[in-house]
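>>> let me see the structure of the following:
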Amino acid sequence: MSGHNKFSKIKNIKAKNDAITGKIFTKIGREIQVAVKEGGPDPNSNAKLKNLIAKARANNMPNDNITRSIKRASGELGSVNYEAITYEGYGPAGSALIVEALTDNKNRTASDVRHLFDKFGGSLGATNCVSYLFSRKGIIIIPRGTGLSDDELMLEALEAGADDCAMYDTYAEVITSAENFEAVKQYFEEHNITFDSAELELISSNYITLPEDKLSSFLKLVDALEDNDDVQEVYHNVELPEEEDEE
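Residues are numbered from 1 along each chain as shown. Predicted structure coming up:
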């Protein structure tokens, strides 16, 4: 899981920088609109929307932005239909990437994603070419020092139905199956166990190490994909070096 953990840290740092320009707000806003259209505007009966509102607030997204996204999806402010599309491909040195996007123009997004793969030494692949390397897991981040010892937190996580709990310097990473994710999150909420984030993510079953020159191209590819407005998430199977964790 170390490769996943390191990349999560980079994603968190990047998200803070993106929030300054509003890019992350745009991405979360699209997710909210899709969630509302799928399950309705009430977060009490729409778990996906509830999770996204929590994610928005964790990223300091103003309540007005959240409300506008919900109203836009409900048709009150004019509506744009976003479609979820997943792309799979190979990065430098045979690395595997999965790109999740929300778009109102499939041709534009496909062209943009293909261009970025080509530009940085990769290639866009066919559906299911790398997805077998990944599985969807719930990832819940809990800050350390919240009143529970490491052993107590581990026991609580397992009692809630989590698969594992990994301890790091300032936080714990609770890992669940996709099926148990909501139940574990609800358990923490009911037992007043504070968590910073809770999301479903794609996790590679095996991480690979790239030579330095290939790693540089790979990171440029990931950054370029994440900078695309239509791209919501980028998942991969590359082990990142320790220095990439530093802020």
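>>> need the contact list for residue 107.
Residues counted as contacts of residue 107 (Cβ atoms under 8 Å, 6 or more residues apart in numbering): none. Bear in mind the C-beta positions are built from the backbone N, C-alpha and C, glycine included.
>>> could you find the closest non-adjacent residue to residue 95?
In this structure, residue 95 finds its nearest non-sequential neighbour in residue 238, 5.1 Å apart by Cβ to Cβ, 6 or more residues apart in numbering.
>>> quickly note the distance from that neighbour to residue 97.
Residue 238 sits at a distance of 9 Å from residue 97 (criterion: Cβ to Cβ, to the nearest Å).
>>> any shared contact partners between those two?
Here residue 238 and residue 97 have residue 91 as joint contacts, going by Cβ under 8 Å, 6+ apart.
>>> quick one, domains of the protein?
16-73, 83-132+205-240, 134-203 (automatic domain parsing).
>>> okay, these in TSV with mean pLDDT next?
Listed next are the domains of the chain as TSV, based on pLDDT from 0 to 100:
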stretch	mean pLDDT
domain 16-73	84
domain 83-132+205-240	95
domain 134-203	92
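>>> on that earlier part again, beta partners for the residue nearest to residue 95?
On the basis of DSSP bridges, residue 238 is bridged to residue 208.
>>> pretty sure it contacts residue 214?
No. Using Cβ atoms under 8 Å, residue 238 is not in contact with residue 214; the gap is 9.2 Å.
>>> more neighbours: the two, which one.
Between residue 238 and residue 214, counted using other Cβ atoms under 10 Å, the more crowded position is residue 238 (23 against 17).
>>> please report how far that one lies from residue 207.
Residue 238 sits 7 Å away from residue 207 when distances are taken as Cβ to Cβ.
>>> same deal with residue 98?
Using Cβ to Cβ, we find residue 98 at a distance of 14 Å from residue 207.
>>> could you do residue 28 as well?
Counting by Cβ to Cβ - residue 28 and residue 207 are separated by 27 Å.
>>> same drill for the two, tell me which one is more crowded.
Neighbours were counted for residue 28 and for residue 207 using other Cβ under 10 Å; residue 28 has more, 24 against 19.
>>> and the more buried one, helix, strand or coil?
Here residue 28 is recorded as helix under DSSP: H, G, I helix; E, B strand; the rest coil.
>>> not counting its neighbours along the chain, what's nearest it?
Spatially, and ignoring its direct neighbours in sequence, residue 28 is nearest to residue 56 (4.9 Å; Cβ to Cβ, 6+ apart).
>>> OK, contacts around the one you found?
By Cβ under 8 Å, 6+ apart, residue 56 lies in contact with 25, 28, 32, 65-66.
>>> show me which strand runs longest in the chain.
strand 134-143 (DSSP state E).
>>> direction included, what does that one pair against?
Here strand 134-143 has these sheet partners by DSSP bridges: strand 171-177 (antiparallel), strand 197-204 (antiparallel).
>>> ok now the next helix or strand after the longest one, how far from the chain's centre?
Per DSSP states H and E, the first helix or strand lying C-terminal to strand 197-204 is helix 212-227. Taking the mean of its C-alpha atoms, helix 212-227 sits 17 Å from the chain's own mean (Cα atoms, centre = their mean, to the nearest Å).
>>> residues touching helix 212-227, excluding its own?
11, 14, 23, 91-93, 95, 97, 99, 113, 116-117, 119-122, 210, 231, 234, 236, 238, 240-241.
>>> okay, and residue 54 sits in which element?
Going by DSSP H and E, residue 54 is part of helix 47-58.
>>> quick check: buried residues in that helix?
Residues of helix 47-58 classed as buried by neighbour count (16 or more other Cβ atoms under 10 Å): 48-56, 58.
>>> as a check, name the ranges of all helices in the protein.
With helices called from DSSP state H, the chain shows them at 2-21, 23-39, 47-58, 63-73, 106-119, 150-160, 181-190, 212-227.
>>> ok, residues contacting the shortest one?
It refers to helix 181-190. The contact list for helix 181-190, computed with Cβ under 8 Å, 6+ apart, reads 47, 51, 137-138, 140, 142, 156-157, 159-162, 174, 176, 193-195, 198, 200.
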